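Undergrad: Next one to model:
(one chain, ligands or ions: 2)
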Amino acid sequence: MTVTVPCNRCGKSVSLLEAREVPSLARGMMRYECFSCSRKPSFTSAASPAPSVRKKYYCQLCNYHFHAKQGICPYCNGVDGVIEGNVTVQDLL
Ligand SMILES: [Zn+2]
Ligand SMILES: [Zn+2]
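TA: Ligands and ions are numbered 1, 2, ... in the order given. Modelled structure (predicted):
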């Protein structure tokens with residue numbers, strides 16, 4: 001069973017596993033961005049304090065590699081088994 005959420009940027013319905021939550025300025029609202037949109041330069045989060053770099057992570061519980069700004073596994077939505085991997089130049093491109 002796949003849960004889909006609307007991408008806040010492109011409007012497409014994407015799997016929750018392929019979207020990331022983005023904090024919304026509106027209270028009580030949770031927005032999502034698909035991975036392809038979150039890779040694009042953001043025009044809406046110009047107020048974010050620091051440049052965010054996507055890092056390479058590995059969830060030992062799910063045996064799953066993923067790139068994210070935070071070490072939260074998109075599969076189990078947890079941090080318990082997540083370790084940070086090496087970031088190479090290629091990973092940043
Ligand atoms: Zn999108
Ligand atoms: Zn996991």
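Undergrad: who in this structure is up against ligand 2?
TA: Selection of the chain residues close to ligand 2 by C-beta under 5 Å from the ion yields Cys59, Leu61, Cys62, Cys73, Tyr75, Cys76. To be clear about C-beta, it is placed using only N, CA and C from the backbone, and glycine gets the same treatment.
Undergrad: Hmm, Gly81 and the third one touching each other?
TA: Yes: with contact defined as C-beta atoms under 8 Å, Cys62 counts as touching Gly81 (7.0 Å).
Undergrad: Any figure for the gap between the closest residue to Ala19 other than its chain neighbours and Cys76?
TA: Counting by C-beta to C-beta, 6 or more residues apart in numbering, Tyr32 is the residue found nearest to Ala19 once chain neighbours are left out, at 4.0 Å. Computed as C-beta to C-beta, to the nearest Å, the Tyr32 to Cys76 distance reads 18 Å.
Undergrad: between those two, which one's more packed in?
TA: Tyr32 (21 against 14; other C-beta atoms under 10 Å).
Undergrad: what's the nearest residue to Cys10 if we skip its chain neighbours?
TA: Cys37 (5.3 Å).
Undergrad: Was I right to think the one you found contacts Arg9?
TA: Yes: Cys37 is within contact range of Arg9, at 3.7 Å (criterion: C-beta under 8 Å).
Undergrad: Can you give me the distance of the residue nearest the centre of the chain to Lys40?
TA: Closest to where the C-alpha atoms of the chain average out (C-alpha atoms, centre = their mean) is Arg20, at 3.9 Å. According to C-beta to C-beta, Arg20 and Lys40 sit 13 Å apart.
Undergrad: I figured Cys73 was touching Gln60, is that so?
TA: No: between Cys73 and Gln60 there is no contact under C-beta under 8 Å: 9.3 Å.
Undergrad: Can you check the distance spanned by stretch 8-22, start to finish?
TA: With C-alpha to C-alpha, to the nearest Å as the measure, the ends of stretch 8-22 fall 9 Å from one another.
Undergrad: How about stretch 30-40?
TA: End-to-end distance for stretch 30-40: 20 Å, by C-alpha to C-alpha.
Undergrad: How far off centre is it?
TA: 7 Å (C-alpha atoms, centre = their mean, to the nearest Å).
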